[in-house]
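Student: Pasting the sequence and the predicted model now:
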Amino acid sequence: MRRGGGILTALCVVFWTPTAPASIQPLIDGTQRCTAFSIHRAEGWWATAGHCATAEIIAVGGAPATIVMRDERADLAVVRVDLHAPALQLAKHAPRPGDEPRAIGYPGASPEPLTFFGH
């Protein structure tokens with residue numbers, strides 16, 4: 001498991017709101033497709049796994065993106081893009097028994113987001 005897994009897992013524990021899908025977009029790095037999360041609407045900052053932001057030309061949600069920061073050790077990257085979606089809201093608490101967990105993302109080469117709901 002990559003060291004940054006905990007950070008990205010924490011980003012996945014969110015309040016499900018009507019804006020959540022807009023805050024999660026595909027990041028395309030050459031032929032690789034990953035998931036990016038809006039973290040600052042006004043600045044257009046998005047977080048992703050560091051191994052997903054390695055090419056010179058990347059795009060988030062189809063818009064050109066620039067790598068702002070990349071930490072290989074933490075496997076975390078921040079990119080800037082002219083795509084100003086609401087920042088993803090982190091949950092205020094860990095999931096509790098009975099909560100309905102949801103996961104959304106663009107794994108592998110999936111052109112559409114995969115969404116999982118469950119107990």
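Tutor: Good, I have the coordinates.
Student: check contacts around Q25.
Tutor: By Cβ atoms under 8 Å, 6 or more residues apart in numbering, the residues touching Q25 are 35-36, 38, 46, 60-61, 83, 85, 106. Placement of C-beta: from N, CA and C, glycine included.
Student: Make JSON lines from these and add distance to P26 to it.
Tutor: Compiled in JSON lines, these are given as follows (distance: Cβ to Cβ, whole Å):
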{"residue": "T35", "distance to P26": "7"}
{"residue": "A36", "distance to P26": "7"}
{"residue": "S38", "distance to P26": "13"}
{"residue": "W46", "distance to P26": "11"}
{"residue": "V60", "distance to P26": "7"}
{"residue": "G61", "distance to P26": "7"}
{"residue": "L83", "distance to P26": "11"}
{"residue": "A85", "distance to P26": "13"}
{"residue": "Y106", "distance to P26": "4"}
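Student: Strands - which of these land there?
Tutor: Among the contacts of Q25, the ones falling in strands (DSSP state E) are 35-36, 38, 46, 60.
Student: Scan those and report the most crowded one.
Tutor: Counting neighbours by other Cβ atoms under 10 Å, A36 leads the ones in strands among the contacts of Q25 with 32 neighbours.
Student: what's the pLDDT at it?
Tutor: For A36, the model assigns a pLDDT of 91.
Student: Now do the contacts for it.
Tutor: Taking Cβ under 8 Å, 6+ apart as the contact definition, A36 lies against 24-27, 46-48, 52, 60-61, 79.
Student: Give the phi and psi angles for C52, as a check.
Tutor: Main-chain dihedrals, C52, degrees, to the nearest 10: phi -90, psi -10.
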